[in-house]
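Colleague: This is a predicted model, with the sequence first.
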Amino acid sequence: MDTLKHIAIIMDGNGRWASKRSLPHILGHQQGIKAVRSVVKACAIRGIKTLTLFAFSSENKNRSTEEVSLLFKLFLSVLKQEVKKLNKRNIRLKIIGDMPLFPAKIQQTALDAQALLAGNTGLTLVIAANYGGQWDIAQAAAKIAKAAIAGDIEANNINVESFPQYLSLANEPNVDLLIRTSGELRISNFLLWDIAYSEFYFTETLWPDFDESELIKAINNFNNRNRRFGARL
């Protein structure tokens, strides 16, 4: 049985959770924050090294202006509210994605929060915001091209071992388990390089209802997998 070091989650279903209750979608997102708190705490207690959460995809900005604006405000509010709790639990924070989309106030709050928590040694919480897997690979390729032009890397040294150090999840363990809630069976442009050999777990549970007990179900399912990484065992 492989040791579970890195869990990534596509948190899906906030809008459907609210619609089922005839509530505005923003209330589904607010309820989803409670699920985030529960899962972060559970991962920290269980010694998981890294938890990566897909909070806001690069395609989400195509939603209505009102919903995107409310999501920005909610993101800023959560960053301010949670940073002290994360620090108390020795949790490090890393935010990945194309951040210039966000208002300057959110960008600065994100930088401040990451700096405050940078020295913590427990769980690393990665928040993917305005993130897309294709964007990540493209920005890594751009970094490599610039390094090559500067003479810092040779073409012969660009390979599957060296490439990941230019990706957003550089220096993090490989993603062992990818969870998607809400019953959708797709990866939605999330961590395309990093999940090459991840185990997938799909659940019908909507994200606001995903709690510690649901996380344990996913972990138990992972622990019963026979991981081969392409080898014949």
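Modeller: Here it is on my side, so go on.
Colleague: Can you tell me how far the residue lying farthest from the centre of the chain is from residue 158?
Modeller: In terms of distance from the mean C-alpha position of the chain, residue 151 ranks first, at 32.9 Å (C-alpha atoms, centre = their mean). Using C-beta to C-beta, to the nearest Å, residue 151 is found at 14 Å from residue 158. Quick note: C-beta positions are derived from backbone N, CA and C, even for glycine.
Colleague: And the next helix or strand past the helix ranked longest in the chain?
Modeller: Ranked by number of residues, the top helix in the chain under DSSP state H is helix 65-88. Where DSSP states H and E defines the elements, the next helix or strand beyond helix 65-88 is strand 92-96.
Colleague: by contact count, what packs against that following strand?
Modeller: helix 104-117, strand 124-131 (3 or more C-beta pairs under 8 Å, 6 or more residues apart in numbering; DSSP states H and E).
Colleague: Quick one: residues contacting the closest residue to residue 168 other than its chain neighbours.
Modeller: Among residues not flanking residue 168 along the chain, residue 96 sits closest, at 3.7 Å (C-beta to C-beta, 6 or more residues apart in numbering). Residues in contact with residue 96 (C-beta atoms under 8 Å, 6 or more residues apart in numbering) are 126-129, 131, 136, 168-169.
Colleague: Next: residue 206.
Modeller: Residue 206 is in contact with 12-14, 16-17, 181-182, counting by C-beta under 8 Å, 6+ apart.
Colleague: Leaving aside the residues adjacent along the chain, what's closest to it?
Modeller: Once chain neighbours are set aside, the closest to residue 206 by C-beta to C-beta, 6+ apart is residue 13, at 3.2 Å.
Colleague: And for residue 181?
Modeller: Here the residue nearest residue 181, using C-beta to C-beta, 6+ apart, is residue 207, at 4.6 Å.
Colleague: Name the helix or strand of this protein that has the lowest mean pLDDT.
Modeller: Least confident helix or strand, the chain: helix 65-88 with a mean of 84, by mean pLDDT, DSSP states H and E.
Colleague: Which other helices and strands does that one contact?
Modeller: Using 3+ C-beta pairs under 8 Å, 6+ apart: helix 65-88 touches helix 25-45, strand 50-57, helix 104-117.
Colleague: Buried ones in stretch 97-116, by neighbour count?
Modeller: Residues of stretch 97-116 classed as buried by neighbour count (16 or more other C-beta atoms under 10 Å): 97-98, 102, 106, 109-110, 113-114.
Colleague: Pick out whichever of those sits closest to residue 219.
Modeller: residue 97 (26.2 Å; C-beta to C-beta).
Colleague: Residue 130 is in contact with the closest one, correct?
Modeller: Yes. Between residue 97 and residue 130 there is a contact at 4.3 Å, judged by C-beta atoms under 8 Å.
Colleague: residues bridging contact with the two, i.e. touching both?
Modeller: Common neighbours of residue 97 and residue 130 (C-beta under 8 Å, 6+ apart) are 56, 58.
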